[in-house]
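1. Requesting a structural model of the entry that follows:
(one chain, ligands or ions: 2)
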Amino acid sequence: MLSPLRVAVTGAAGQIGYALLFRIASGQMFGPDQPVILHLIEVPVDKAMHALEGVVMELEDCAFPLLAGTVCTSDATEGFKEVNWACLVGSKPRGPGMERADLLKDNGKIFVGQGRAIDEHAAADCRVAVVGNPANTNAMIGAAQGERIPAERWTAMVRLDQNRAVGQLAKRAGVSVADVTDTYIFGNHSPTMFPAFGLAKIGNRPATEVLDGSYLQGEFLETVGKRGAAIIAARGASSAASAANALVDHVRGLVTPGKVQSVAVKSDGHYGFDPAVWAGLPVRTTETGYEVVEGLTLDAFAKEKIAATNAELVSERETVADLLP
Ligand SMILES: NC(=O)C1=CN([C@@H]2O[C@H](COP(=O)(O)OP(=O)(O)OC[C@H]3O[C@@H](n4cnc5c(N)ncnc54)[C@H](O)[C@@H]3O)[C@@H](O)[C@H]2O)C=CC1
Ligand SMILES: O=C([O-])CC(=O)C(=O)O
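-> Numbering: from 1, shown residues only. Ligands and ions are numbered 1, 2, ... in the order given. As a prediction, the model looks like this:
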């Protein structure tokens, strides 16, 4: 029997939290043999903590064999103590008419405190997945607060964008999602992101041979880039179930050696990104961590799009300069 992993989830009583916790506890994130202890972190507000009690009652009522315990707290020190994974979901979602970058000032602050608490109290092997928006820049802020946990262990989620891109390509081509491969997101989790259709394959053929260029350069990019806003317009609330599902994929991928997926990581200059921004990139999981997949061929159109999303990430960093040590 494996010893339990401690997994922190912030915003545990929120929308994504509600769609996520049951999947972690059932083994979908860390596998069917891996017990977990969930550290559920919320704001110190009665309504949120009370809602969290209800969520814990429901977790108990599922009788998950892999759920080895829960810790409920609004205290970051207790919440992140000895955790092996921190899923940072807790933060404000945007409403209709807003861009994710509009959340920068309010949400950015959260990642200063949590970055410090993780660095001081988490297990030495702790890895972090940031979901709260704007996710790339929040990961950069959090990572910058620490000295003990290497910045490379801080990742942000662009897997939802990858899944959206795969879904759109499959629908357009009239094939199963299983037939769509090599679909990677470069850059920011924002409308400037670039789903690199030039690398994607549909039924083992280049997507550019299966679908026409005007669709790929136009409607496809627009639909994937603005999908979050379309869901807010339709639901009146931001995507939650698909976001939780993408986080399960993101973490599962990062604990599965050989898996290649889109992850926002410290760019270190790959594919022309500023070295200090967190950019969506194709990432391969290794036995000890991950590596960026190098050497993929990008055409002039792709390079122009990557330059634009990089410029946005650099400008977000300038906006939060006061939150960086
Ligand atoms: N990266 C991505 O692909 C996606 C990111 N998101 C983002 O995820 C975040 C959460 O979304 P929802 O769950 O729908 O929002 P929500 O409002 O339903 O839940 C957020 C929860 O976080 C809690 N919270 C706020 N500050 C906190 C803190 N400092 N510590 C702990 N908990 C805190 C709130 O009390 C609330 O319960 C938003 O920023 C949203 O924009 C949403 C979908 C996709
Ligand atoms: O669009 C939003 O604000 C929520 C989100 O990040 C997404 O659905 O991709």
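
2. Now do the same contact list for residue 99.
-> When the contact criterion is CB atoms under 8 Å, 6 or more residues apart in numbering, the partners of residue 99 are 190-191. All C-beta atoms are positioned from the backbone trio N, CA, C, and that covers glycine.

3. Quick check: phi and psi on it?
-> Taking degrees, to the nearest 10, you get phi -100, psi 160 for the backbone angles of residue 99.

4. How much space separates it from residue 79?
-> Going from residue 99 to residue 79 by CB to CB, to the nearest Å gives 29 Å.

5. Doesn't residue 279 belong to a strand?
-> Yes. The secondary structure assignment for residue 279 places it in a strand, going by DSSP: H, G, I helix; E, B strand; the rest coil.

6. What distance do you get for it to ligand 1?
-> If you measure residue 279 against ligand 1 using CB to the nearest ligand atom, to the nearest Å, the figure is 14 Å.

7. and the gap between that residue and residue 11?
-> Taken as CB to CB, the spacing of residue 279 relative to residue 11 amounts to 24 Å.

8. between those two, which one's more packed in?
-> The residue with more neighbours, out of residue 279 and residue 11 and counting by other CB atoms under 10 Å, is residue 279; that gives 31 against 25.

9. Can you verify my assumption that the more buried one contacts residue 188?
-> Yes. Distance between residue 279 and residue 188: 7.3 Å, which falls inside the contact criterion (CB atoms under 8 Å).

10. Please identify every residue contacting each of those two.
-> Shared contacts of residue 279 and residue 188, counting by CB under 8 Å, 6+ apart, come down to 136, 264, 309, 313.

11. Tell me the most packed of those residues, by neighbour count.
-> For the shared contacts of residue 279 and residue 188, counting by other CB under 10 Å, the largest number of neighbours falls to residue 264: 33 neighbours.

12. For that one, what is the enclosing helix or strand?
-> Taking DSSP states H and E as the definition, one finds residue 264 inside strand 260-266.
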